[in-house]
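**Q** Make a model of this:
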Amino acid sequence: MELRFLSYENLPPEPLATSLLALLIDVFANQSREEFSDQLQYHLKRTGLQFELAVVGERVVGCKLGYERQPGEFYSWLGGVHPDFRGQRIASELMKRQHEWCRQHGYQTIRTQTYNQWRSMLIMNLQHGFDIVGTVQGKRGLTIVLEKKL
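**A** Numbers count the residues shown, from 1 in each chain. Down below sits the predicted model:
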């Protein structure tokens, strides 16, 4: 089946919303369906919400989610690619699409955070022009804070 990229400014329609939740559970095994469901419901109230999805058929195989952190600054909150689809530059394409959306919507800065355990995400952020601007103590250990000027 063909890989498609879709963009939404709210929770995607069914069956994509359910498939997105399943992807997040597959990628981040340290969180439950209930935790992700609660987080998504919480973030749906935010300004500047944006979902970039990589889809095969009706299955979400990759995502990049974010929202406005403050005027002019976008927070790239969550992203991942299903293990069966890694190595195809899907994450990189999702990031490029998210950054283009941010430019079109007037954001000057993108901020994100990651943990050392997800080194491939850290490396990809650095390859796409992010700088490490600090660290903070997170729920699951030391969090690396990155920022990119658009």
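**Q** Can you give me the neighbour number for residue 19?
**A** 20 (other CB atoms under 10 Å). C-betas here are computed from N, CA, C, even on glycine.
**Q** now it: how far from residue 51?
**A** According to CB to CB, to the nearest Å, residue 19 stands 12 Å off from residue 51.
**Q** Then residue 71?
**A** Going from residue 71 to residue 51 by CB to CB gives 21 Å.
**Q** ok, now residue 130?
**A** In terms of CB to CB, residue 130 sits 20 Å off from residue 51.
**Q** How is the nearest residue to residue 16 once chain neighbours are set aside assigned, secondary-structure-wise?
**A** Distances taken as CB to CB, 6 or more residues apart in numbering put residue 60 closest to residue 16, at 5.8 Å, once the chain neighbours are dropped. Using DSSP: H, G, I helix; E, B strand; the rest coil, the structure places residue 60 in strand.
**Q** How about the contacts made by residue 60?
**A** 12, 16, 19-20, 22-23, 53-54 (CB atoms under 8 Å, 6 or more residues apart in numbering).
**Q** Please produce TSV containing those, extended by distance to residue 113, secondary structure and pLDDT.
**A** Listed next are these as TSV, based on distance: CB to CB, whole Å; DSSP: H, G, I helix; E, B strand; the rest coil; pLDDT from 0 to 100:
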residue	distance to residue 113	secondary structure	pLDDT
12	24	coil	94
16	25	helix	96
19	25	helix	96
20	20	helix	94
22	24	helix	93
23	20	helix	95
53	21	strand	98
54	22	strand	98
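**Q** Quickly check the residues you listed for the two that are furthest apart.
**A** Using CB to CB, the contacts of residue 60 reach their maximum pairwise distance at 22 and 54, which is 13.9 Å.
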